[in-house]
Each structure stands twice: as structure tokens, then as C-alpha cells.
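>>> Fold the following and give me the result.
(chains A and B)
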Amino acid sequence: QKEVEQDPGPLSVPEGAIVSLNCTYSNSAFQYFMWYRQYSRKGPELLMYTYSSGNKEDGRFTAQVDKSSKYISLFIRDSQPSDSATYLCAMSPSGANSKLTFGKGITLSVRP
Amino acid sequence: DVKVTQSSRYLVKRTGEKVFLECVQDMDHENMFWYRQDPGLGLRLIYFSYDVKMKEKGDIPEGYSVSREKKERFSLILESASTNQTSMYLCASSGGQDIRGCYTFGSGTRLTVV
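Numbering: from 1, shown residues only, chains lettered A, B, ... in the order given. Next up is the predicted model:
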């Protein structure tokens, strides 16, 4: 079993839809959880950062961590064509700046 | 704004050539990383460094080496390029304990070995 599993996608939704992206993990030591967004032909950029369990909201984006289930989610409300990108989850036991374990990423397409 | 700059966006090299990929960061980050990204395989860690002149092997170090002579610069070296090293190469840096220390990636170098 891989340490981090992410739905492979791709995922296509109409504009305005609510999008749910998910990752599961096996290492109970993970404490720091991140979501990165990667546009085509660009490097990934940090989108959301959470420590331990709970929810974090930033505009249309909500990151959710359930450590008891070893499950993290990213919700995108009122999705826009500009949200079309690849989304990668990442996690670490010892800090967001230390060696991260990434999911493989899921490509999202938001249709106008 | 943290900047991680990779020297080339696109590179075409011949089999057997020695290839240097350069990465420079301007945030005084301690940690630097080299990944390759391939469709269906995600990001795979090649090498990383937590300090000057220090290096650690990642998950797929074979065929690669690195150099970190200065804190801001981390170079990836393909000793003898092969076609299976055709890939997107991403450099990242990180440091500090808060969100500002999270990984920052460069824009990537798309390397084609022919």
C-alpha cells in the first residue's frame, strides 16, 4: 500500500459545481497537510496548509483533515474555469518544510 | 515573493551527454529538493539537501548526482543522459517553521533526451 493515495481522475465538472478532491494515507505520523495546485507547464504552488485535524477555509477553498480516518479533502465551491489544474496533496510528519510525501495528483477541468 | 529559478525551461540533449540542471532560490531556505514528474507516476524525489555540501538520496537517485556548494544553489547532474531520463524536472526549496517555509517550486525544466 502506498503511503498516500489520491484519486487518479481526470475530473471534469461544469462551472459553478462543488468539487471534492480526496487523499487517503497510511502513516499515522503525518501531522502537516498541504494541497498544491499546478497549472499546465508550471511548477506546483501552495494552495492550502493545515496542521493536524480540522477544517481550514480560504475563499472558495476548504481543506479538511480527518486523522482518525487518515483522510484529507479539498473542497472548491463555485468552481471556475481558472480552477482547471492538477491538484496534489502532500503531507509530512515533521513540518511543512521537511521532506513531503505527495499524492500523484488529479487533473481537474472546469467546463464553462 | 519567494523565487525558485530553474535555469532552463526546455532542454534537448543527446544520449550519453552530461547534463547540468541549475536551481537558485532567493529566500535563504535551508532545504532544497529535486523531483522528476512523469504522467501517471507523480512527483518522485531524486535528491535533497538540508545544508550546504550536504546531500541525501531520495527515492530514485540512480543515474543522477547533485551539488550544493552554496546555500542558494542546488544543481542536478545527469552523468550520462539516457532516454528514460526524459521528464519534467522540478526543483523546490523550503525552510522555517511556518507557512512561509513551505515548499516553493520552480517552473520546471522539461528535458528531452534523444
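>>> Strands along the chain, start to end?
You didn't pick a chain, so chain A it is. Using DSSP state E, the strands found in chain A span residues A:4-6, A:11-14, A:19-25, A:32-38, A:45-51, A:54-58, A:61-66, A:71-76, A:85-92, A:101-102, A:106-111.
>>> wrong one, chain B
Per DSSP E, chain B has strands spanning B:4-6, B:10-13, B:19-25, B:31-38, B:42-49, B:56-57, B:64-70, B:73-78, B:87-94, B:104-105, B:109-113. These are given in chain order.
>>> could those strands be laid out in TSV, adding distance to residue A:92, mean neighbour count and mean pLDDT?
(Each C-beta comes from the backbone N, C-alpha and C, glycine too.) Compiled in TSV, the strands of chain B are given as follows (distance: least, Cβ to Cβ, whole Å; neighbours: other Cβ atoms under 10 Å in any protein chain shown; pLDDT from 0 to 100):
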stretch	distance to residue A:92	mean neighbour count	mean pLDDT
strand B:4-6	19	19	95
strand B:10-13	30	13	96
strand B:19-25	19	19	97
strand B:31-38	12	23	96
strand B:42-49	12	21	95
strand B:56-57	15	14	96
strand B:64-70	21	16	96
strand B:73-78	19	20	97
strand B:87-94	10	24	96
strand B:104-105	15	24	93
strand B:109-113	25	18	97
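>>> In chain B, which residue is most central in space?
Averaging the C-alpha coordinates of chain B gives a centre point, and the residue nearest to it by Cα atoms, centre = their mean is residue B:34 (2.9 Å).
>>> Confirm for me that that one is in contact with residue B:89.
Yes - look at residue B:34 against residue B:89 with Cβ atoms under 8 Å: they come within range, at 6.7 Å.
>>> coming back round to it: export the strands of chain B as a markdown table, with columns for distance to residue A:83.
Formatted as a markdown table, the strands of chain B follow (distance: least, Cβ to Cβ, whole Å):
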| stretch | distance to residue A:83 |
| --- | --- |
| strand B:4-6 | 24 |
| strand B:10-13 | 27 |
| strand B:19-25 | 28 |
| strand B:31-38 | 20 |
| strand B:42-49 | 20 |
| strand B:56-57 | 35 |
| strand B:64-70 | 34 |
| strand B:73-78 | 31 |
| strand B:87-94 | 21 |
| strand B:104-105 | 19 |
| strand B:109-113 | 24 |
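>>> Next, format the ones you listed as TSV and append distance to chain A.
Supplementary listing: those in TSV, determined by distance: least, Cβ to the nearest Cβ, whole Å:
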stretch	distance to chain A
strand B:4-6	8
strand B:10-13	10
strand B:19-25	11
strand B:31-38	6
strand B:42-49	3
strand B:56-57	9
strand B:64-70	15
strand B:73-78	14
strand B:87-94	4
strand B:104-105	3
strand B:109-113	8
